[in-house]
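J.: what's the 3D shape of this:
(chains A and B)
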Number of protein chains: 2
Amino acid sequence: MTDLNAVLDAADNGLDRSLDRLFEFLRIPSISADAAYAADCRRAADWAAAALTEIGFEASARKALGQPIVVGHRRTGRAGAPHVLFYGHYDVQPPDPLDLWTSPPFEPQRVPGPRGEAIVGRGASDDKGQVMTFVEACRAFIETRGELPIDVTVLLEGEEESAALSLVPFLTENREELKADFCLICDTDLWNAETPAITTMLRGIVYEEVTIRAASMDLHSGMYGGAAQNPIRVLARIIADLHDAEGRVTLPGFYDDVRELPPEVKAGWDALGFDDAGFLGAVGLSVPAGERGRSVLEQITTRPTCDVNGILGGYTGEGAKTVIPSEASAKISFRMVGGQDPKAVQAAFRQFVTERLPADCEARFLGHGNSPAVTVPSDGEHVRRTQAALTEEWGKAAAIIGSGGSIPVVGDLQHVLGIDSLLVGFAMDDDRIHSPNEKYDLRSFQNGIRSWIRILDALK
Amino acid sequence: MTDLNAVLDAADNGLDRSLDRLFEFLRIPSISADAAYAADCRRAADWAAAALTEIGFEASARKALGQPIVVGHRRTGRAGAPHVLFYGHYDVQPPDPLDLWTSPPFEPQRVPGPRGEAIVGRGASDDKGQVMTFVEACRAFIETRGELPIDVTVLLEGEEESAALSLVPFLTENREELKADFCLICDTDLWNAETPAITTMLRGIVYEEVTIRAASMDLHSGMYGGAAQNPIRVLARIIADLHDAEGRVTLPGFYDDVRELPPEVKAGWDALGFDDAGFLGAVGLSVPAGERGRSVLEQITTRPTCDVNGILGGYTGEGAKTVIPSEASAKISFRMVGGQDPKAVQAAFRQFVTERLPADCEARFLGHGNSPAVTVPSDGEHVRRTQAALTEEWGKAAAIIGSGGSIPVVGDLQHVLGIDSLLVGFAMDDDRIHSPNEKYDLRSFQNGIRSWIRILDALK
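T.: Next comes the predicted model:
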């Protein structure tokens, strides 16, 4: 234990240099959803491979179908040493709307935050900041002891925030190389500012883009208004039809494979005392807007949803234009739970839209990725040791929780490599991930590094 | 009549130079709805004032609240000469979507058109091409005879395609200077390719922009999806609610002041034989999408409407972003007919939206202009003489028609100057005004100049 304190002290003493490295990483605008940033994605992959090489990993940014995938190995050389695969992603969400950022998204800053200092910048939390907690934990071990306590393979992808086309083929092709005892993932939240968490349930997703076309050209609303079909109105009606008055999704069969939470799990969650008012109030809301009769925690973790993530049609500049556009489009996503089949939901959605098209309208669909909900074991030796290490660091028992977000790789790792994942993260729900002014508390970063040091030691 | 033939011949012989001047005018991107083009609007006003000065008008671009207003006078010097005010506008619609233009919108071209050559470019028809038919007719008189047959004042505004804030104060302030016997306006269509028309009914407009705000920031749809209000969904439901299953607008009281077309007018229109299939088919449509039980001609001219002209919310770039935006907005306009009061419709719309806001949502409204429907006399000496002149030029009796578009100045001239307007235009409904690849048939331009020569002569 004296030894581990030396590693923990090394991490604390090196915090400023750890932050310098994180800021270098954050300055690269690796926006995978926008093809204009492809070169920046490559640059971020190269940067991450170099950061691993510098601490003795055999690492490189490897060619994949889309953005490169970073793989690094560092073995202890001990026969029978446990072997973990660490997964993270180096790509980030688009930063728009840019005008709402108080500092440029790719010029990270240290600013006063809700609980001490925070790091603000796109990717500060999701996922560059979280990834670097693990990398810096490895660095502290290597700089202090010259080795890691267990065998580690690091896998960083660059399409988690976009189409994610490359990962499954890459996992399949490199199955033997990437096989490990289990996977560690750092892309989730603390339960609250004081309580660490291991996430064992994740919602899946179906993300669709639909474009409705009516006339063959944009029309003058004076000359044609009244007689011409308006694709914005058609789209609005379809979106309105997707929910009933109780807040339930109206796609036929949507709830068939949704399961109720087992009573003992529900009881455990109730005991955690989720703060509905605090959760909503932090973002300016007060009334749960989802399915009637469900708690907020159910609405955001164990119930499926449908949201419109974007809509565009006609004239959206300053002032007025009297146009009936020929097209309108929307990005619509569904969060999957339980046994819901993403392919069936996608098909039901496309049929739902098609059935509602009036004369002279056609719909085009573009899928932006599907993944089912996943559940990983919440018991077993790895989980117990990790839970104990987290409890030791935070001084409060680590919670076992569900998350409303989707981390498709968890399912992919189960299917392709046959391994389960252990999800530990240090983000907070006020981190504004995917929003302007994304931040990561400095204590999330520092205690994250310290937590991984304890976990790696506990897993040996 | 020999004399008039000389003027007509001068116009025909000078057509290439007339086109050179029109093309100069069209090259100025005078987009009044976008503040970034304010300098270009001033440039277009100066250009038009110079064009009038060159043919002996006492003309200048005058300071107004917003874009400058061009005023030019040319008197015959004869006591008791009739005096007309010609109204047009030098501003144009925004050209987007730019990628659908086959040539740059502000680099006008002569291209093969549906009936001989056409001029393609933003403003070619609406309204620079139409304005220049009148200016070039004046030029032909002056170059041939050294004078115009009647007193002419030209008034060109620069905010017809946007907020139109300047015109009424300007008319009010310069009431004495601008007073004339009546107004000539060239901003309407032919009845069809062979038949000229005088337009005597115009729909009004109420143009509203509404922004719905829910959370105080953009949210991650995984973390908040299910519990957070989505302003795109709220907006979509409101838009869907604005029409019933019969295609009627659902605002309370909306139809109270809508009048049925008098039977004799309806009979006259029926005799004109409007081609429903041809009108819709030209833009890729086949089924009238408006109020059930109304003809296409009624739907587009004598019935009020509601259309969504633009909608924007969330992520609309390439690929996917799992965001629940904090705001979504739409531009929604109503076409007014009969005695409908624009202010009442605006108030009813705002109340309609406000009543439908769920908890945690607020709506902001921005008005982009209101004008009532107008009717101008379809009999009287001026109309008879103009009709005869048009019939002489086109060899087919000029029709008396209604138009679905809005020309708010007609009402403004009635209220402020106390004068009626006579609306004669040479545009075609396939001119794609407000759309990519706007065009004006070369024969519209040439026969338009010739028509004004005959009309000016007939009015003396």
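J.: As a check, name the ranges of all strands in the stretch 201-350 of chain A.
T.: Ranges of strands within the stretch 201-350 of chain A are A:204-213, A:219-220, A:305-314, A:323-324, A:327-336, based on DSSP state E, counting those that start in this stretch.
J.: CA atoms only: put the third one into CSV for me.
T.: As requested, the backbone C-alpha atoms of strand A:305-314 are provided in CSV (Å, rounded to 0.1, in the frame of the first residue of the first chain):
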residue,chain,number,x,y,z
THR,A,305,-38.0,7.2,-26.1
CYS,A,306,-38.3,9.1,-29.3
ASP,A,307,-36.8,12.5,-29.8
VAL,A,308,-36.3,14.9,-32.7
ASN,A,309,-32.6,15.9,-32.7
GLY,A,310,-32.8,18.3,-35.7
ILE,A,311,-35.2,19.7,-38.2
LEU,A,312,-34.7,21.9,-41.3
GLY,A,313,-36.8,23.2,-44.1
GLY,A,314,-37.4,26.3,-46.1
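J.: The strands of the stretch 201-350 of chain A into TSV, with extra columns for distance to B:Pro436?
T.: Any C-beta I mention is one placed from the backbone N, CA and C, and that applies to glycine too. Converted to TSV, those look like this (distance: least, C-beta to C-beta, whole Å):
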stretch	distance to B:Pro436
strand A:204-213	15
strand A:219-220	11
strand A:305-314	13
strand A:323-324	11
strand A:327-336	12
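J.: for the ones you listed, which one ends up most surrounded?
T.: For the strands of the stretch 201-350 of chain A, the largest average neighbour count (mean count of other C-beta atoms under 10 Å in any protein chain shown) is found in strand A:323-324, namely a mean of 30.
J.: Give me the pLDDT value at the residue nearest to A:Asp275 when sequence neighbours are not counted.
T.: Among residues not flanking A:Asp275 along the chain, A:Asn192 sits closest, at 8.0 Å (C-beta to C-beta, 6 or more residues apart in numbering or on different chains). With respect to pLDDT, A:Asn192 scores 89.
J.: what do you get for A:Asp96?
T.: On the pLDDT scale, A:Asp96 is placed at 88.
J.: swap in A:Thr200?
T.: 89.
J.: For the stretch 101-250 of chain A, what lies in contact range of chain B?
T.: Residues of the stretch 101-250 of chain A lying near chain B by C-beta under 8 Å from any C-beta of the partner chain: A:161-163, A:189, A:203, A:205, A:207, A:209, A:214-230, A:232-233, A:235-237, A:239-243.
J.: same thing but 7 Å
T.: Residues of the stretch 101-250 of chain A found near chain B (C-beta under 7 Å from any C-beta of the partner chain) are A:162-163, A:203, A:207, A:214-230, A:232-233, A:236-237, A:239-240.
J.: The strands of the stretch 201-350 of chain A: lowest mean pLDDT?
T.: strand A:219-220 (a mean of 90).
J.: Can you report how many residues neighbour A:Glu393?
T.: A:Glu393 has 19 neighbours, counted by other C-beta atoms under 10 Å in any protein chain shown.
J.: Roughly how far does it sit from chain B?
T.: A:Glu393 sits 24 Å away from chain B, taking C-beta to the nearest C-beta, to the nearest Å as the criterion.
J.: isn't there a helix covering that residue?
T.: Yes. Assessed by DSSP: H, G, I helix; E, B strand; the rest coil, A:Glu393 belongs to a helix.
J.: Would you agree it is in contact with A:Arg450?
T.: Yes. Between A:Glu393 and A:Arg450 there is a contact under C-beta atoms under 7 Å: 5.6 Å.
J.: can I see the domain layout of chain A?
T.: Domains of chain A are assigned by automatic domain parsing as A:2-202+A:375-458, A:204-258+A:304-371.
J.: Are the helix or strand of chain A with the lowest mean pLDDT and chain B in contact anywhere?
T.: Using mean pLDDT, DSSP states H and E, the weakest-scoring helix or strand in chain A turns out to be helix A:263-272, at a mean of 79. No. Helix A:263-272 is not in contact with chain B by C-beta under 7 Å from any C-beta; minimum separation 14.7 Å.
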